[in-house]
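J.: Got a predicted structure plus its sequence, pasted below:
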Amino acid sequence: MRNGIRIFVSLAVWSIASAANLHAAGYPDHSVKIIIPFPPGGATDIAGRVIVQKLSERFGQQFFIENVAGAGGNIGMAEAARAPGDGYTILFASSSIVVNPNLYKSLPFDVEKDFIPVTKAGASPNSWEVNTDFPAKTMKELIDLMKANPGKYSVATPGNGTTPSLAVDMLKQAFSLSFVTVPFAGGGPMTQSVLGGFTPISCAAISNMVALIKAGKVRGLALTTKERLESLPDVPTLDELGIKDQESETMAGVFVPAGTPQPIVTALQKAISEIVHMPDVKARMLETGTVPDGDSSADFVAYVRAEIAKWKHVIENGHIDKI
């Protein structure tokens with residue numbers, strides 16, 4: 001009798017799984033748009049382009065990127081929120097999606113109501129770097145220069161609402177520093193400004209800077225994580241330099257509009273989780289400074305909520321004016 005129960009339970013589980021697969025069996029039957037709410041060249045865009053190619057191969061339909069930049073990512077995220085929940089519009093968001101709810105006075109979308117979190121594809125530690133002509137050779141030297149010359153220096157970030165911009169504020173608060181923050185419309189434009197020496201100091205997602213640091217075109221000073229990156233073993237972390245409680249990262253998070261059928265959410269999560277751990281994709285992501293993840297939808301929901309709470313605390317404690 002017990003064997004009969006086991007067989008019955010197994011068949012029931014198989015039937016439920018099969019039903020879910022049947023619901024998603026026809027997906028996708030045409031091309032799928034992936035919205036990245038920043039210009040090309042930023043951390044999320046870099047990670048997204050590696051993953052999108054594999055999604056196209058896996059599903060046999062074209063997955064294509066549309067960069068919809070502006071307003072700290074809000075324009076692109078709002079467009080994704082308005083899209084039908086049919087699986088044919090996917091949002092690859094940065095950490096702006098967990099920062100902006102507490103940084104902006106109002107948003108044209110509600111993170112929890114308008115989106116279903118699919119998975120965190122990966123995350124890029126934030127980093128401090130300078131143009132090679134800049135006098136500071138270490139993070140300590142940079143902080144000492146800023147202390148000795150209040151208001152003299154400017155720091156580039158990939159934009160308001162990004163975690164690098166808030167990492168800048170955290171360092172300001174920790175050392176009572178005075179300098180100008182220059183927000184750009186994404187990591188690409190910011191990087192060009194640093195290379196040109198117009199804003200020789202930056203705080204960015206390290207994925208924007210890995211290749212430039214390796215090539216000696218910019219000088220990496222520190223990472224905002226507790227562990228060094230395999231791809232940049234010589235760049236220390238703030239934590240090991242004795243600068244505590246400065247951890248931050250720029251995630252590449254995958255969301256779909258509310259109402260998207262669960263079988264499609266499950267299919268996308270499974271595919272992306274497997275893709276980011278494929279040897280060639282994993283190597284490419286690590287090489288560009290993004291640590292692969294691919295967590296479950298449930299774990300990603302918990303992560304999103306925790307990050308919203310974390311950045312709310314930073315914004316409120318820093319008395320950062322809402323935009």
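T.: The structure has been received and is ready for your questions. Numbering: from 1, shown residues only.
J.: And the strand of greatest length in the chain, what's buried?
T.: What stands out as the longest strand in the chain, according to DSSP state E, is strand 115-131. Buried positions in strand 115-131, judged by neighbour count with 16 or more other CB atoms under 10 Å: 115-131. Yep, even glycine has a C-beta here, placed from its N, CA and C like the rest.
J.: what's the average pLDDT for it?
T.: Per-residue pLDDT values over strand 115-131 give a mean of 96.
J.: partners of it in the sheet?
T.: Strand 115-131 has its sheet partners listed here by DSSP bridges as strand 201-205 (antiparallel), strand 218-223 (antiparallel), strand 249-257 (antiparallel), strand 291-292 (antiparallel).
J.: Deepest in the core, which of those is it.
T.: strand 201-205 (a mean of 29; mean count of other CB atoms under 10 Å).
J.: Mind listing residues that contact that one?
T.: Here strand 201-205 makes contact (CB atoms under 8 Å, 6 or more residues apart in numbering) with 42-43, 94, 124-131, 134, 142, 153-158, 162-165, 167-168, 171, 187, 190-191, 193-194, 209, 218, 249-250, 289.
J.: For Q246, list the residues it contacts.
T.: Counted by CB under 8 Å, 6+ apart, Q246 has contacts 167, 170-171, 174, 224, 238-239.
J.: what do you get if the cut-off is 10 Å, keeping everything else the same?
T.: Counting by CB atoms under 10 Å, 6 or more residues apart in numbering, Q246 touches 126, 128, 167, 170-171, 173-174, 222-226, 237-239.
J.: go on, G253?
T.: 44, 47, 91-98, 115, 117-123, 293, 300, 303-304, 307.
J.: do that again at 7 Å, thanks
T.: By CB atoms under 7 Å, 6 or more residues apart in numbering, the residues touching G253 are 93, 97, 117, 120.
J.: Tell me who's in contact with the residue lying closest to W311 once chain neighbours are set aside.
T.: Closest residue to W311 apart from its sequence neighbours, by CB to CB, 6 or more residues apart in numbering: V99 at 4.7 Å. V99 makes contact with 161, 163, 166, 311, according to CB under 7 Å, 6+ apart.
J.: Confirm that V99 sits in a helix.
T.: Yes - counting by DSSP: H, G, I helix; E, B strand; the rest coil, one finds V99 located in a helix.
J.: on that earlier part again, okay, the contacts of V99 in CSV with distance to R58 next?
T.: Output for the contacts of V99, formatted as CSV (distance: CB to CB, whole Å):
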residue, distance to R58
G161, 32
T163, 30
L166, 35
W311, 33
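J.: List only buried entries from those residues.
T.: The neighbour count (16+ other CB under 10 Å) marks 161, 163, 166, 311 as buried among the contacts of V99.
J.: can you tell me which of these lies nearest to G318?
T.: L166 (8.0 Å; CB to CB).
J.: Would you confirm that the closest one contacts W311?
T.: Yes - if you go by CB atoms under 7 Å, L166 and W311 touch, sitting 6.3 Å apart.
J.: Show the residue spans covered by the helices in the stretch 201-323 of the chain.
T.: 210-214, 262-276, 279-287, 297-317 (DSSP state H, counting those that start in this stretch).
J.: buried residues in the shortest one?
T.: The reference is to helix 210-214. Neighbour-count burial for helix 210-214 [16+ other CB under 10 Å]: 210-213.
J.: One more: the longest one?
T.: Neighbour counts over helix 297-317 (16+ other CB under 10 Å) mark 297, 300, 303-304, 307-308, 310-311, 314-315 as buried.
J.: Which strand residues bridge the residue most central in space within the chain?
T.: In the chain, the centroid-proximal residue (CA atoms, centre = their mean) is M251; its distance is 2.2 Å. Bridge pairing for M251 (DSSP bridges) gives the partners A123.
J.: okay, it: pLDDT?
T.: Value listed for M251 in the pLDDT field: 93.
J.: Same check on L11?
T.: Listed pLDDT for L11 reads 34.
J.: In this protein, where is pLDDT below threshold?
T.: Applying pLDDT under 70 to the chain flags residues 1-25.
J.: could you pull out the helices for the stretch 51-200 of the chain?
T.: 74-82, 96-103, 111-114, 139-148, 163-175, 187-196.
J.: ok, now which ones touch G42?
T.: 158, 186-188, 208 are the contacts of G42 under CB under 7 Å, 6+ apart.
J.: Can you add neighbour count and give the residues you listed back as TSV?
T.: Output for the contacts of G42, formatted as TSV (neighbours: other CB atoms under 10 Å):
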residue	neighbour count
P158	35
G186	28
G187	32
G188	19
N208	30
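J.: Same list (those residues) but as CSV, adding distance to D29.
T.: Conversion of these to CSV gives the following (distance: CB to CB, whole Å):
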residue, distance to D29
P158, 36
G186, 33
G187, 34
G188, 34
N208, 36
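J.: what's the most distant pair in those residues?
T.: Farthest pair in these (CB to CB) is G186 and N208. Separation: 9.3 Å.
J.: What degree of burial does P189 show, as a neighbour count?
T.: Look at P189: counted by other CB atoms under 10 Å, it has 17 neighbours.
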